[in-house]
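Asker: sequence first, predicted model second:
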Amino acid sequence: MIELTDIAYVRSGAADLEGAVRFATDVVGLQHVDGGEPGVAHLRADGRHHCLAFVEGVSGVIASAFTVADPGALALAETELETRGFRVWRGSADDARSRRVGEVIGFDDPFGNRIELVCGQQTLASPVVPGRGSGITEFGHLCLDAPDVADAHRFWSTTFNARASDWIGDAACLMRIDEVHHKLAVFRGDEPGLCHVNFQVAELDDVFRNWHHLQERGVEIEMGPGRHPQSGAVFLYFLGPEGLTYEYSYGVRRITDEAAWRPRYFDPAEPGSIDMWLGPTQKPLTQPQAPHPQLVPEGIRP
Ligand SMILES: O=C/C=C/C(C(=O)O)=C(/O)C(=O)O
Ligand SMILES: [Fe+2]
């Protein structure tokens, strides 16, 4: 069992790097950390050096990354994954440097999502300088697609320390790796992909202020404002460039009594099972950002 300690970053290809960065800073409110690396832009939301990296080139998600404790844990993870039949890539010093981590390995999950595991993710001492006052406090979670959510849960909970916090029938499983209700979600989809990246905001007011801001800027609101009955968070999903869906949310549940928590099973057909406020659309659940074409799965399965 590999212990994930946190989510680390999402790395995505960007056909229009400047446009992707402009949106991430001026609209979403992330900080552009200039790393002096041509063709790569790092965006910061919290203490992490970055939680989103755009790499100039073909659009599409390159990898979703998680941290493990240290180089020893990463070496054990590498062996464990190989033992389970995964082909594991070990990043070079340049790969690690571009990700601002000590070491990086990668593999394709059984559904074709490229996952990276890292140790030594860089923390920046300087305060975050947000691109806009959207109230972002933290990179909250990431959401992947898989054709069978129960299979995905089996994979994540037996290979890693992910635990189901709640299910939405066979449509979604929300999983935690620490106290936060979910840092990883898997939604049912025919193809692998990245459903969305989530950023927590400081106040309920931020969600609504951001909603107005996005509307004024003509940004496509995919769903919300609404409230998820699972985490209890008030959410807003919107579509950015490069097919990337962003989510702001406020008030995510923390599961502090691990032993007492029992996952709940919501019926996706019940009105309100996704949005207690009964909002109209469920688009972000059905249109993930497709994987970068060069990374389309090679069928590596255990
Ligand atoms: O469709 C349900 C989504 C639930 C949640 C939540 O409970 O917060 C999400 O954030 C999500 O996975 O998008
Ligand atoms: Fe979410």
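Answerer: All right, it came through fine. Ligands and ions are numbered 1, 2, ... in the order given.
Asker: alpha carbons only for contacts and neighbour counts from here, please
Answerer: Fine.
Asker: beyond the helix or strand that residue 199 is a member of, next helix or strand please.
Answerer: Under DSSP states H and E, the secondary-structure element containing residue 199 is strand 194-201. Taking DSSP H and E as the definition, the helix or strand that follows strand 194-201 towards the C-terminus is helix 204-216.
Asker: pull the distance from that next one to the chain's centre.
Answerer: 21 Å (CA atoms, centre = their mean, to the nearest Å).
Asker: point out the residues in this protein that sit beside ligand 1.
Answerer: Where the chain comes near ligand 1, counting by CA under 6 Å from any ligand atom, the residues are 185, 228, 230, 231, 233, 274.
Asker: surely the fourth one touches residue 250?
Answerer: Okay, so that is residue 231. No: Residue 231 sits out of contact with residue 250 when judged by CA atoms under 8 Å, with a separation of 9.8 Å.
Asker: in contact with the residue in the stretch 1-150 of the chain that ligand 1 sits nearest to, which residues?
Answerer: Sorted by distance to ligand 1 under CA to the nearest ligand atom, the residues of the stretch 1-150 of the chain start with residue 143, at 6.3 Å. The contact partners of residue 143, taken as CA atoms under 8 Å, 6 or more residues apart in numbering, are 184, 185, 186, 187, 194, 195, 196, 197.
Asker: need these in CSV (columns: neighbour count).
Answerer: As requested, the contacts of residue 143 are exported to CSV (neighbours: other CA atoms under 10 Å):
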residue, neighbour count
184, 24
185, 24
186, 27
187, 28
194, 30
195, 28
196, 26
197, 24
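Asker: who's in contact with the strand holding residue 199?
Answerer: Here strand 194-201 makes contact (CA under 8 Å, 6+ apart) with 10, 45, 61, 134-145, 187, 207, 244-251, 284-291.
Asker: and it, how far out from the chain middle?
Answerer: Between the mean C-alpha position of strand 194-201 and that of its chain there is a distance of 6 Å (CA atoms, centre = their mean).
Asker: would you put the C-alpha positions of the lengthiest strand in the chain in CSV?
Answerer: Here the longest strand in the chain is taken by residue count, with DSSP state E as the criterion, and it is strand 136-146. The C-alpha atoms that make up strand 136-146 are tabulated as CSV, following Å, rounded to 0.1, in the frame of the first residue of the first chain:
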residue,chain,number,x,y,z
ILE,A,136,-8.4,31.3,-3.3
THR,A,137,-6.8,29.7,-0.2
GLU,A,138,-5.8,26.3,-1.4
PHE,A,139,-5.6,23.8,-4.2
GLY,A,140,-8.6,21.7,-3.1
HIS,A,141,-8.9,18.5,-5.2
LEU,A,142,-8.6,17.0,-8.6
CYS,A,143,-11.1,14.9,-10.4
LEU,A,144,-10.4,12.1,-12.9
ASP,A,145,-12.5,10.0,-15.2
ALA,A,146,-12.8,6.3,-15.4
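Asker: so what strands line up beside that strand?
Answerer: Strands adjacent to strand 136-146 in the sheet, as given by DSSP bridges, are strand 184-188 (parallel), strand 194-201 (antiparallel).
Asker: now that strand against helix 204-216, angle please.
Answerer: For the pair strand 136-146 and helix 204-216, the angle between their directions (axes from the mean of the first three to the mean of the last three CA atoms, to 10 degrees) equals 70 degrees.
Asker: report the distance from strand 136-146 to the chain centre.
Answerer: 3 Å.
Asker: report the next helix or strand after that strand in sequence order.
Answerer: Beyond strand 136-146 in the direction of the C-terminus, DSSP H and E gives the next helix or strand as helix 149-159.
Asker: ok, residue 51 to residue 260 distance?
Answerer: For residue 51, the distance to residue 260 under the criterion CA to CA, to the nearest Å works out to 31 Å.
Asker: next one: residue 12
Answerer: Separation of residue 12 from residue 260 (CA to CA): 38 Å.
Asker: pLDDT below threshold where in the stretch 151-300 of the chain?
Answerer: Filtered on pLDDT under 70, the stretch 151-300 of the chain yields the residue ranges 281-286, 293-300.
Asker: is residue 95 in contact with residue 104, as I believe?
Answerer: Yes: the pair residue 95 and residue 104 qualifies as a contact (CA under 8 Å) at a distance of 7.5 Å.
Asker: more neighbours, those two?
Answerer: When neighbours are counted by other CA atoms under 10 Å, residue 95 and residue 104 differ, and residue 104 comes out ahead with 26 against 15.
Asker: tell me which residues touch residue 213, please.
Answerer: With contacts defined as CA under 8 Å, 6+ apart, residue 213 is in contact with residue 27.
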